[in-house]
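Student: Here you go, sequence then predicted model.
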Amino acid sequence: MFQDLTRFNLPNGFRGRSAGEVQLWWLIQSLFFRTSPQFMYGFRRWLLRLFGAQIGKDVILRPSVQTTYPWKLSIGDYSWIGDDVILYSLGQIDIGSNAVVSQGTYVCAADHDYAFTDFPIRERSIVIGEQTWIATQCFIGPGTSIGAGAVIGARSSVFQDMPCGMICLGSPARPIKPRIIKKF
């Protein structure tokens, strides 16, 4: 037998809060966060902070952003989180200042260990460095780190750490060339 899901157990304290608090967040997210008008960025920042997220100054969060456990989320000043981004924060997700996570991206901070038949779940933190750009519809895998100033090209899949200041593309994503900044 490869996996027996009848033997799966969620580790004690895995959620980081009680089941009631988790359900309350999901209800608040559905009723207020997702239905808030586009321009109400401050309101959405406030809701996430109310549930324990560390959200920096003037962060832009679109109403269609989904966050599993806000108390496992940190976003630095002036960052943008686009439409339909999923922050699957079963583990810690840290996003640096001036970073952009573009629309349709899935940031997945947990996985299961397939080597065991009880299929245990594992928190695997993700760090997205400052001044990075995660382009549209990327997958950022568990336990990865994206260096400061990196660009992850559209529809790329990140399964290992990406270096600072590089343009990275593909599935799996690989560093292609340095990010050159032109003076304006």
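Tutor: Great, that's in hand.
Student: now do the same end-to-end measure for stretch 154-170.
Tutor: 8 Å (CA to CA, to the nearest Å).
Student: Could I get the buried residue list for that stretch?
Tutor: Using 16 or more other CB atoms under 10 Å as the test for burial, stretch 154-170 gives Arg155, Ser156, Val158, Met162, Cys164, Gly165, Met166, Ile167, Cys168, Leu169. Where you see a C-beta, it was placed from the backbone N, CA and C, and this is true even at glycine.
Student: do stretch 94-105 as well
Tutor: Applying 16+ other CB under 10 Å to stretch 94-105 flags Asp94, Ile95, Gly96, Ser97, Asn98, Ala99, Val100, Val101, Ser102, Gly104, Thr105 as buried.
Student: same check, this time on stretch 16-36
Tutor: Gly16, Arg17, Val22, Trp25, Ile28, Gln29, Phe33, Ser36.
Student: quick revisit: I'd like to know which of the buried residues of stretch 154-170 are part of helices.
Tutor: Among these, none falls in helices (DSSP state H).
Student: From those residues, which land in strands?
Tutor: Among these, the ones falling in strands (DSSP state E) are Val158, Met166, Ile167, Cys168, Leu169.
Student: quick check, nearest of those to Ile60?
Tutor: Val158 (22.2 Å; CB to CB).
Student: Contact partners for Pro37?
Tutor: By CB atoms under 8 Å, 6 or more residues apart in numbering, the residues touching Pro37 are Pro63.
Student: do the same with Ile81
Tutor: Val59, Ile60, Leu61, Arg62, Val65, Ile75, Leu87, Ile95, Val101.
Student: Give me the ChimeraX select line for those, limited to the buried ones.
Tutor: Applied in ChimeraX, the following selects the buried portion of these according to 16+ other CB under 10 Å:
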select :59,61,62,65,75,87,95,101
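Student: Name the nearest of the contacts of Ile81 relative to Gly129.
Tutor: Ile95 (8.7 Å).
Student: Serialize the buried residues of stretch 94-105 to a markdown table and add fields for secondary structure and distance to Leu10.
Tutor: Listed next are the buried residues of stretch 94-105 as a markdown table, based on DSSP: H, G, I helix; E, B strand; the rest coil; distance: CB to CB, whole Å:
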| residue | secondary structure | distance to Leu10 |
| --- | --- | --- |
| Asp94 | strand | 23 |
| Ile95 | strand | 26 |
| Gly96 | coil | 30 |
| Ser97 | coil | 33 |
| Asn98 | coil | 36 |
| Ala99 | coil | 30 |
| Val100 | strand | 33 |
| Val101 | strand | 27 |
| Ser102 | coil | 32 |
| Gly104 | coil | 28 |
| Thr105 | coil | 26 |
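Student: Between which two of the residues you listed is the distance greatest?
Tutor: Distance extremes for the buried residues of stretch 94-105: the farthest pair is Ser97 and Gly104 at 22.6 Å, using CB to CB.
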